Every structure is written in structure tokens, then in C-alpha cells.
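**Q** Sharing a model that was predicted from the sequence below.
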Amino acid sequence: MLHLLSTGTIRPLGRMRGASNETLLTTVTGSETPDGPVRTVRAVLKTRAGEQPLRDFARGTLSQREVAAFRLSQHLGLHVVPPTVWRADVSRPQADGASLQAYVETEPSADQPVVLAAEDAVGPDLAPVLRAMLEDGTEVVLAHSLAEPVRRIALLDVLLNNADRKGGHVLAGAWRIETDAQLSVGLHAIDNGLSFHAAPKLRTILWGFAGAVLTDEETALVTRARDEDLDALLGDLLPPRELWGIARRAAALLEEGRFPYAPEDRHAIPWPPL
């Protein structure tokens, strides 16, 4: 898939509604290997030129952070971010380049990782995060699954310093449709552009793992993030201070030995949360 996304012909279909930055649904036509058959897949294009300026993130870097999140997820063996590449050949008057990510087809019949439910319907397999009231006055609880794939996303977000993990950014679905047209359904973390800031920014709805002790596997993974030189992997996408930030966050995780608790001195949940 990476070869197809990197070399295929991009055809925009239109803007995706609700996105604050230029986000285009596209098709990409090409082959998954140099000599493989030609196929067409859907993908999400986020252009550097179409990014809205933010006070705390350098302008024109959000789409690069999307690619960096995928690379780090793959490198550490978490495999929760859909395949994402940088396309330098996407031309815009203001700034060239864009991230291109395999589109996740959601599966409505799959267990949803984030739900709104009545408080008495939140069982032991769900972690309540906040209470809310719908427009009609119904009181509900926002909760997320405690399944292992959700925990992997939560761990990645700590390392990414993700400032915007909304419920709608955790999808149950598939970015690959097999030859028999069946979806290979899993959990996927999308919209990772507000990540890797050097200052503490973690805002997420996945606080249900707060205080959970790191497993041996997680400890080994975080140790790699602390000790490995990530410049060759991410140096073309992130400045040195943000690469060092990954190591600092990993070191803090290892020192505590558990998932962090929500901070009390700033907003810890993105808005809107879904």
C-alpha cells in the first residue's frame, strides 16, 4: 500500500465536510509493488497549503505530523495508524506537499471504541470519561472501550503528545478491502496532525487507562522510543526539539511505570470530544 500511495495517480473527489483544514477525499490509482497489478483505492489528502494557522503549532507542519505519526506507530510495532505517506508532488500556490493516508471504511456492525450511553449501560468493558447532556435533555456518559487495540492508541498518543484525540478519530473499520471484498476490520487512529509538540499538550478522550501499570511489552516499546535515535525515521518531518520530546516523554513514562493521569492545570479533553 505504501508504494501505491507514494507513486499512484491522485484524483481528488471533493472536500471532506467538517474538517478545519483542507482535507480531500481522493482516489489513488497504481500498483502496490513495482510490477504488481494496477488498482484504485480511496485516500485522504491533507495539503500543506490548506492548513489553517494555529497559535501553538508551526504553520505548514500539520500534514507532516500525520506522516510522522504513521511512521512511529509502525516503527514501534503498534500498527494503529493507517498507511500515510508524504507527496511532495502535490502543488499549491502557497506551499507544496501533502500527506496522503489510506481511507478507513468504517464498519457499523463492529463494536464501537467510543460510545455515548446511559450511565447504567456502561459495563466493566467500558471506561467512563465524562458526563454530558444531549440537546433533548437526555443525560449520557461518554465512554471508551478498554480493549487492547484502544490501549495501544492511548499509549501512542502519550508518546505523540497528541493534542486532539477525539472520539471520532478512533475508527472501527478497515483501510484494506481484500480480494474477496471482505473488510479486514480493526481499530485505527486518524487525524494525528496536532501531535509532537515539545510542550505538554496531551488532550484525549482515552483517559480510561490513566494509572494503568505498563506491561512488559509496553515497557520494552517505550524503552525503544527513549533510547533509539529517531532522526533517520522522522528527521525529515520534525525539528530536533520535537524528536527529543519523544525521548523525554518516553523517559517520564518509564520513570512512572504507568499511564499518566489527566493534568489538573489545563484542559485534558479536546473540544468537541467527538
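**A** Now that the structure is in, tell me what you want to look at.

**Q** Show me where this protein dips below the pLDDT cut-off.
**A** 177-183 (pLDDT under 70).

**Q** all helices for it, in order.
**A** With DSSP state H, the ranges of helices along the chain come out as 2-7, 62-75, 148-160, 216-227, 231-234, 240-256.

**Q** Looking at those helices, spot the one closest to residue 102.
**A** Closest of the helices of the chain to residue 102 is helix 2-7, at 6.7 Å (criterion: CB to CB). Heads up, the C-betas are built off the backbone N, CA and C, glycines and all.

**Q** Now that closest one: buried residues?
**A** Across helix 2-7, burial judged by 16 or more other CB atoms under 10 Å covers 4, 5.

**Q** Contacts for that helix, please.
**A** When contacts are defined by CB atoms under 8 Å, 6 or more residues apart in numbering, helix 2-7 is touched by residues 28, 30-34, 39, 41, 43, 83-85, 87, 100-102.

**Q** hmm, 10 Å instead?
**A** Helix 2-7 is contacted from outside by 28-34, 36, 38-41, 43, 70, 74, 82-87, 89, 99-102, using CB atoms under 10 Å, 6 or more residues apart in numbering.

**Q** Can you give me the neighbour number for residue 255?
**A** Burial of residue 255, expressed as a neighbour count using other CB atoms under 10 Å, amounts to 8.

**Q** residues in contact with it?
**A** Contacts of residue 255 by CB under 10 Å, 6+ apart: none found.

**Q** before we move on, the earlier item: just the buried residues from the contacts of helix 2-7, in ChimeraX please.
**A** Selection of buried members from these for ChimeraX, criterion 16+ other CB under 10 Å:
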select :28,30,32,41,43,70,74,82,83,84,85,86,87,99,100,101,102
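
**Q** Okay, strands next: where are they in the stretch 1-150 of the chain?
**A** Ranges of strands in the stretch 1-150 of the chain, per DSSP state E, counting those that start in this stretch, are 9-15, 23-31, 38-47, 84-87, 98-102, 105-106, 114-117, 126-133, 139-145.

**Q** Kindly state which of the ones you listed is positioned closest to residue 260.
**A** That would be strand 126-133 among the strands of the stretch 1-150 of the chain, by CB to CB, at 14.7 Å.

**Q** picking that back up, deepest of the helices of the chain, which one?
**A** helix 62-75 (a mean of 24; mean count of other CB atoms under 10 Å).

**Q** same for that one, what does it pack against?
**A** strand 38-47, strand 84-87, strand 98-102, helix 148-160, strand 186-189, helix 216-227, helix 231-234, helix 240-256 (3 or more CB pairs under 10 Å, 6 or more residues apart in numbering; DSSP states H and E).
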